[in-house]
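Q: what follows is a predicted protein model with its sequence.
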Amino acid sequence: MSSKKRGGFSSRLGFVLATAGSAVGLGNIWRFPYLAAKYGGGTFLLTYLILAVTFGFTLTLTEICIGRRSGTSVFGAFRHFNKKYSFIGFLASLVPFIIYPYYCVIGGWVTKYLAVSVQGNIKSAANDSFFGSFISQVNEPLIWLAIFTLIVTVVVACGVEGGIERVSTFLMPVLVVLLVGISLYCITRKGAIDGVIYYLKPDLSQIKPMTFLAALGQLFYSMSLAMGIMITFGSYMPKDADLEQSVTQVELFDTGIAFLSGLMIVPAVFIYSGGDKNMLASGASLMFVMLPKVFNSMAMGHIIGAVFFVLVFFAALTSAISLLETLVSLVIDKFHISRIKACIIFFVIAMAMAVPSSLGYGIWASIKPLGFAFLDFFDFVSNSILMPIVAFLTCIFAAYILKPKEIIDEVESSGKFRRKGLYIIVIKYIAPICIVAILVFSVLQGLKIITV
Ligand code: PHE
């Protein structure tokens, strides 16, 4: 199929912003700040940064190269090089298939919070029981889920250039402006400086293997690796666009947004809690339970809260778009059906698959696969098991089957490859070892054999 017929990004900037749109999501805004605060502030930031320019750079570049060189979505990409390895493409495509439905459930919650906060009702969201009673209902979360999924479906149905690129080139800059604005507001509040110091100052007593593994796991999730997204987006990348530069910019974008989110959330929570660090570690409930309380207690908090949820909504939307696009491109390439038809099919499938995740916090709460609520179970299977396996296989494939030369040729076909030496060492030796470490760690953690 010609690349024109498949669709693609019109420019390098379009590619960078859409890819950054996928990477920037709930992971940056909610997960990164609390991990950084937990694992020694500046120490975690530094560890993360070093991993991003080595490990993250290598894996992202590899996936984008596989996509651009093969010119096809994830399923066909591995087959394109070697038929024997199409199973890696199959495994990789399972990941967005599992993640997309439950990501839309969370997207639905975010949409609800957006609606509540822009109506100026952050006060009601600050109520202790608001979140719990909302997600345990039957109909309301399902309605918000349907609204969110429909928006994602419409954008993807409009195509790569007309839908995804257009939405991302508008949303991503807006997101940066909003985030810079609220970070500035938060760090200039009285008492915020202690939070800023806590977030940024290295705490050397916190350097332990766990800091490294937590940063690595976060990097993985944050860069949307090992689920075919980067391969799909790579296949839409203009052939003459500089690959190394583009990957570096996407990473800068992703890390910059994560950093700024921390700069906004950590001091805000610090002021509210009077320096009690435990609040930051409240996990999933931080965003939906704690932050509305924090905003509610702030001067102008109803405006800041509304802007915050607009921002979270945009971030979740562009990430969900990348998940759906990966699935849609797969069936378009495989079965040659139209984009609209593919979108409708996945709307129905996603809604059906999302129902258990949504009801799992309410009337189906007693059904617990492996002891998890449905949503957490899907999250565990995809993030903790499948993703590290796919990433490991991708590394081995690139380093020992395809050989780094194929990747290097693709990078050099459109620009210079400055970090070539580093790339070869990381893909051949460092990355596979690190990924096995993540796999072992996350399985033990998920099964509650170790707790951190
Ligand atoms: N990278 C996104 C984030 O940081 C998460 C994501 C996961 C996006 C899966 C798409 C698919 O939140």
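A: Happy to help now that I have it. Numbering: from 1, shown residues only.

Q: doesn't Gly41 make contact with Ser205?
A: No - if you go by Cβ atoms under 8 Å, Ser205 and Gly41 don't touch, sitting 11.3 Å apart. The way it works is simple: take the backbone N, C-alpha and C, and place the C-beta from them, glycine included.

Q: what about those two, which has more around it?
A: For the pair Ser205 and Gly41, the greater number of neighbours falls to Gly41 (21 against 8), based on other Cβ atoms under 10 Å.

Q: now Leu225: closest residue in space, sequence neighbours ignored.
A: In space, Leu225 comes closest to Leu59 once its chain neighbours are excluded; the distance is 5.2 Å by Cβ to Cβ, 6 or more residues apart in numbering.

Q: and if you look at Met387?
A: Per Cβ to Cβ, 6+ apart, closest to Met387 is Ala226, 4.3 Å.

Q: who are the contact partners of that neighbour?
A: Leu59, Ala92, Val95, Phe220, Leu386, Met387, Pro388, Val390, Ala391, Thr394 (Cβ atoms under 8 Å, 6 or more residues apart in numbering).

Q: at 7 Å what do you get?
A: Ala92, Val95, Phe220, Met387, Val390, Ala391, Thr394 (Cβ atoms under 7 Å, 6 or more residues apart in numbering).

Q: please save the CA atoms from whichever strand or helix holds the third one in CSV.
A: Think Phe220. Using DSSP states H and E, Phe220 falls within helix 209-222. The C-alpha trace of helix 209-222 is given here as CSV (Å, rounded to 0.1, in the frame of the first residue of the first chain):
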residue,chain,number,x,y,z
PRO,A,209,17.9,-0.2,43.5
MET,A,210,14.2,0.7,43.9
THR,A,211,14.8,4.3,42.8
PHE,A,212,16.3,3.0,39.7
LEU,A,213,13.6,0.5,39.0
ALA,A,214,10.8,2.9,39.7
ALA,A,215,12.3,5.5,37.3
LEU,A,216,12.7,2.8,34.7
GLY,A,217,9.2,1.6,34.9
GLN,A,218,7.9,5.1,34.8
LEU,A,219,9.9,5.9,31.8
PHE,A,220,8.6,3.0,30.0
TYR,A,221,4.9,3.8,30.6
SER,A,222,5.5,7.5,30.1
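
Q: please state the offset of that helix from the chain centre?
A: 13 Å (Cα atoms, centre = their mean, to the nearest Å).

Q: is that helix in proximity to the ligand?
A: Yes - interface with the ligand: helix 209-222 contributes Tyr221, Ser222 (Cβ under 6 Å from any ligand atom).

Q: what separation do you get for the nearest residue to Ala192 once chain neighbours are set aside and the ligand?
A: Sequence neighbours aside, Pro267 is the residue nearest to Ala192 in space, at 3.8 Å (criterion: Cβ to Cβ, 6+ apart). From Pro267 over to the ligand the distance is 21 Å, taken as Cβ to the nearest ligand atom, to the nearest Å.

Q: and Glu161, by the same measure?
A: Taking Cβ to the nearest ligand atom, one finds Glu161 at 20 Å from the ligand.
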